[in-house]
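Chemist: coords below, sequence missing:
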């Protein structure tokens with residue numbers, strides 16, 4: 001060192017370089033490895049100590065030495081990681097380069113929920129979250145080591161400390177590997193949506209390309225949807241761009257409010273999936289939900305899917321016809337606002353006017369709203385329902401009979417008796 005002992009002597013640089021860069025660098029790394037390998041030492045606080053000593057070094061050789069030591073430690077497993085599968089009383093160690101961590105507080109909070117440690121273990125990814133007891137300063141230091149500044153694969157400038165879209169893109173393609181544990185799908189998906197929404201706002205180009213690339217990718221099974229009696233809640237890929245319209249091959253809907261009761265599960269033949277009720281709020285549905293192709297659940301939107309299926313002119317199998325009829329009945333029974341809801345229909349049925357419910361109304365299709373409404377009415381008119389002989393027939397091929405007459409006999413209507421008599425005569429034909 002120099003006479004004032006404030007920096008390395010310039011005339012001894014060759015000697016110091018050999019000593020520091022080729023000797024002490026290895027010695028420091030060996031010391032850290034020995035330290036974290038000692039069962040008596042808790043490695044959780046080590047990241048905070050490195051963070052407290054972080055900063056720029058004025059001396060050129062000392063600064064070079066520090067950077068080379070940290071670079072060597074980047075590949076050494078010395079950081080306490082979040083590993084719920086670790087044996088009791090033990091701590092899993094990982095290298096800074098293998099951490100999933102971000103210097104931004106919001107992102108750091110969402111990452112472990114969106115991509116739980118158990119998912120990273122199941123995926124076999126060489127990546128772990130930092131131990132949850134590592135403080136904010138330690139996490140910030142680790143984020144800068146795990147995500148150095150540089151150039152991303154697409155040529156964009158990588159923000160130091162920020163998780164790259166390339167890393168997120170790999171994690172967002174789990175294929176058949178479940179991301180979230182049973183019962184945690186909604187919580188995990190909300191965290192993922194908050195993460196993607198934040199990224200779309202702060203990095204619209206990079207995050208936009210990331211989200212758009214998920215649509216239609218069969219490996220990107222990240223959208224939780226309700227299951228029926230034959231399957232648990234499952235995850236599906238976002239619908240491919242351009243096919244989430246009423247006539248598309250697939251659609252995913254989300255109801256903003258949870259009305260309680262059993263979830264409504266669409267039959268497979270409609271090419272329709274429902275995010276569990278109340279999972280997304282309006283903001284999350286707008287972004288990133290809309291960018292992912294998720295549309296707001298409304299009765300009319302669902303009936304548009306029914307109309308698209310009806311346009312295929314395909315006679316469904318009996319089990320499919322039964323499932324669709326039950327689904328539509330439950331859908332319309334819950335409806336309060338649509339003109340097709342069963343609440344109002346049941347009142348109108350007592351004093352039904354012949355022809356009032358015929359699906360084709362002259363002049364209604366002259367504007368877009370009327371045309372859409374007429375397609376929905378036509379789809380309901382062609383819905384297959386159980387006939388008295390046990391077969392499933394389009395509603396347009398069915399007629400009221402004696403059983404409906406029995407129902408009318410108990411209704412308080414001046415025309416009920418006359419209609420009941422007509423129904424009995426009709427069944428006799």
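Modeler: On my side now, so go ahead. Predicted model, so just to flag it, every value in this text is computed and none were measured.
Chemist: point out where the stretch 51-200 of the chain drops to low pLDDT.
Modeler: Residues of the stretch 51-200 of the chain that meet the criterion pLDDT under 70 lie in 58-59, 151-157.
Chemist: all the strands of it, residue numbers only.
Modeler: According to DSSP state E, counting those that start in this stretch, the stretch 51-200 of the chain carries its strands in the segments 79-82, 93-94, 129-130, 150-151, 157-158.
Chemist: mind checking the ones you listed for the one nearest to residue 47?
Modeler: strand 79-82 (6.0 Å; CB to CB). The C-beta positions use only the backbone N, C-alpha and C, and glycine is treated the same way.
Chemist: strand partners (parallel or antiparallel) of that closest one?
Modeler: When pairing is defined by DSSP bridges, strand 79-82 lines up against strand 93-94 (antiparallel), strand 129-130 (antiparallel).
Chemist: reformat the strands of the stretch 51-200 of the chain into TSV and put mean neighbour count and distance to residue 417 next to each item.
Modeler: Shown next, in TSV, are the strands of the stretch 51-200 of the chain (neighbours: other CB atoms under 10 Å; distance: least, CB to CB, whole Å):
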stretch	mean neighbour count	distance to residue 417
strand 79-82	24	74
strand 93-94	22	81
strand 129-130	24	73
strand 150-151	10	84
strand 157-158	14	80
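Chemist: of all those, which one is nearest residue 25?
Modeler: strand 79-82 (19.0 Å).
Chemist: what's next to the closest one, contact-wise?
Modeler: The contact list for strand 79-82 (CB atoms under 8 Å, 6 or more residues apart in numbering) reads 43-44, 46-47, 91-96, 99, 112, 117, 128-134, 142.
Chemist: in helices only, show me the residues you listed.
Modeler: 46, 47, 112, 117, 142 (DSSP state H).
Chemist: thought the fourth one was touching residue 131?
Modeler: To tie it back to what came earlier, the one meant is residue 117. No. Residue 117 is beyond contact range of residue 131, at 10.1 Å (criterion: CB atoms under 8 Å).
Chemist: which residues touch residue 78?
Modeler: 32, 33, 35, 36, 43, 46, 93, 95.
Chemist: for residue 377, which non-adjacent residue is spatially closest?
Modeler: In space, and not counting its chain neighbours, residue 377 is closest to residue 359: 3.9 Å by CB to CB, 6 or more residues apart in numbering.
Chemist: if we can go back for a sec, give me the buried entries from the contacts of residue 78.
Modeler: Buried by 16 or more other CB atoms under 10 Å: 32, 36, 43, 46, 93, 95, out of the contacts of residue 78.
Chemist: save the residues you listed as JSON lines, and put in distance to residue 163 too.
Modeler: Putting the buried ones among the contacts of residue 78 into JSON lines (distance: CB to CB, whole Å) gives the following:
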{"residue": "32", "distance to residue 163": "25"}
{"residue": "36", "distance to residue 163": "24"}
{"residue": "43", "distance to residue 163": "23"}
{"residue": "46", "distance to residue 163": "22"}
{"residue": "93", "distance to residue 163": "21"}
{"residue": "95", "distance to residue 163": "16"}
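Chemist: format the contacts of residue 78 as JSON lines; extra columns: distance to residue 190.
Modeler: What follows is those, written out as JSON lines (distance: CB to CB, whole Å):
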{"residue": "32", "distance to residue 190": "38"}
{"residue": "33", "distance to residue 190": "40"}
{"residue": "35", "distance to residue 190": "39"}
{"residue": "36", "distance to residue 190": "35"}
{"residue": "43", "distance to residue 190": "32"}
{"residue": "46", "distance to residue 190": "33"}
{"residue": "93", "distance to residue 190": "31"}
{"residue": "95", "distance to residue 190": "31"}
